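Peer 1: compute the structure for the input listed below.
(4 chains)
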There are 2 protein chains.
Amino acid sequence: MKYSEYKKLLKDHTLRITDCRINVLEKFYNTTHALSFKNLEDALSDYDRVTLYRTLSSFIEKGLLHRIPSDDGYASYGLCREDCTEGGHHHDHVHFKCNVCGHIECLPAYHVPKVELPGYEVNEQNLIVSGVCKICRKSFNGE
Amino acid sequence: MKYSEYKKLLKDHTLRITDCRINVLEKFYNTTHALSFKNLEDALSDYDRVTLYRTLSSFIEKGLLHRIPSDDGYASYGLCREDCTEGGHHHDHVHFKCNVCGHIECLPAYHVPKVELPGYEVNEQNLIVSGVCKICRKSFNGE
DNA sequence: GAATTAATGCAACCAAATTGCATCATGACT
DNA sequence: AGTCATGATGCAATTTGGTTGCATTAATTC
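Peer 2: This is a model prediction of the structure:
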């Protein structure tokens, strides 16, 4: 993706264009898996931690990123490819966590099956599947 | 549940019988929803934080409790009604988070639908549904 | 009931995340 | 382009959640 496209993306989500934000966006768009705060901090060490925290939360608020809960407590962040806005997030894709490489992926191709819970009002569903990802399985079999 | 039953429960999971552990168990068995660490700390303030943390982790290790991840980062803990042991946990029930009262419930009656992910090896699945729980819906409609 | 082993409480510690505030940059407007 | 209001950034300080070490106390085994 080009610089001007990142700029547009920010503009479209009513966010000011800054170096830090462009760099964070770039990082997300050039990675197949979700990123933890630590990932970002390591990759973009010239920005203050506080700034990165605030960048993440503004991105979540404006519908650019979504938070992916994890069983170990460390959240990751994934790009919103759907039409998320400031109004709210609308995700129904599956999240996969690989126990070998530790990466968390969004699987936009796989939708969370709707669960019927009589008596309850269901607003959101979040499915986290864990196991071994494609890449790690291949490198196992390859040797 | 009676005191002697809690004792048996601890014994069966190779845990020593202590006041703190009995009280924690009691708390879980007398609540319909999952409990966060904060919940426990408030309810059992005569025990040290450290002791409660260690109680929780020993219970998880021995298969009495399971950790329920949440999107907001605050984990909750729920009773294992299934046959979990030190060897491992075996849960496939749905977790529900109410956005009104904030409580997280285990729904043992509802199982997580198996997702097929070609190329991946699936070990575990975790489904968190959020919305409005039965009780909160009723109190809405009641007025 | 004595010995062994584990649980508890306290203090200190550590890491993750947040807040306040001064400074600097962005975008709107002339 | 230049000015101004507003928002973003970086630093220091603080808060929060959780852990570790260790001495004391309690539970289990014989």
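Peer 1: tell me the pLDDT at A:Asn39?
Peer 2: You'll see A:Asn39 listed with a pLDDT of 95.
Peer 1: so what secondary structure elements neighbour the helix or strand containing it?
Peer 2: Counting by DSSP states H and E, the element that carries A:Asn39 is helix A:37-43. On a contact count with 3 or more Cβ pairs under 8 Å, 6 or more residues apart in numbering or on different chains; DSSP states H and E, helix A:37-43 meets helix A:19-29, helix A:49-61. (Each C-beta comes from the backbone N, C-alpha and C, glycine too.)
Peer 1: go through the ones you listed and pick out the most buried.
Peer 2: Most buried of the helices and strands packed on helix A:37-43 by mean neighbour count (mean count of other Cβ atoms under 10 Å in any protein chain shown) is helix A:19-29; its value is a mean of 17.
Peer 1: what residues are up against A:His111?
Peer 2: Applying Cβ atoms under 8 Å, 6 or more residues apart in numbering or on different chains, one finds that A:His111 lies in contact with A:92-94.
Peer 1: show me what it bridges to in the sheet.
Peer 2: A:His93 (DSSP bridges).
Peer 1: which residues touch A:Tyr29?
Peer 2: By Cβ under 8 Å, 6+ apart, the contact set of A:Tyr29 is A:1, A:6, A:79.
Peer 1: try it again at 6 Å.
Peer 2: With contact set as Cβ atoms under 6 Å, 6 or more residues apart in numbering or on different chains, A:Tyr29 has these partners: A:Met1.
Peer 1: report the separation between it and A:Tyr53.
Peer 2: Taking Cβ to Cβ, to the nearest Å as the measure, A:Tyr29 and A:Tyr53 are separated by 20 Å.
Peer 1: let me see the confidence value for the residue positioned nearest the centre of chain A.
Peer 2: With distances taken as Cα atoms, centre = their mean, the residue of chain A nearest its centroid is A:Gly78 (0.5 Å). If you check A:Gly78, the pLDDT there is 95.
Peer 1: from what I can see it touches A:Ile104, true?
Peer 2: No: with contact taken as Cβ atoms under 6 Å, A:Gly78 and A:Ile104 are classed as non-touching, separated by 7.4 Å.
Peer 1: any common contacting residues for these two?
Peer 2: Contacts common to A:Gly78 and A:Ile104, judged by Cβ under 6 Å, 6+ apart, are A:34, A:68.
Peer 1: fine, thanks again, bye for now.
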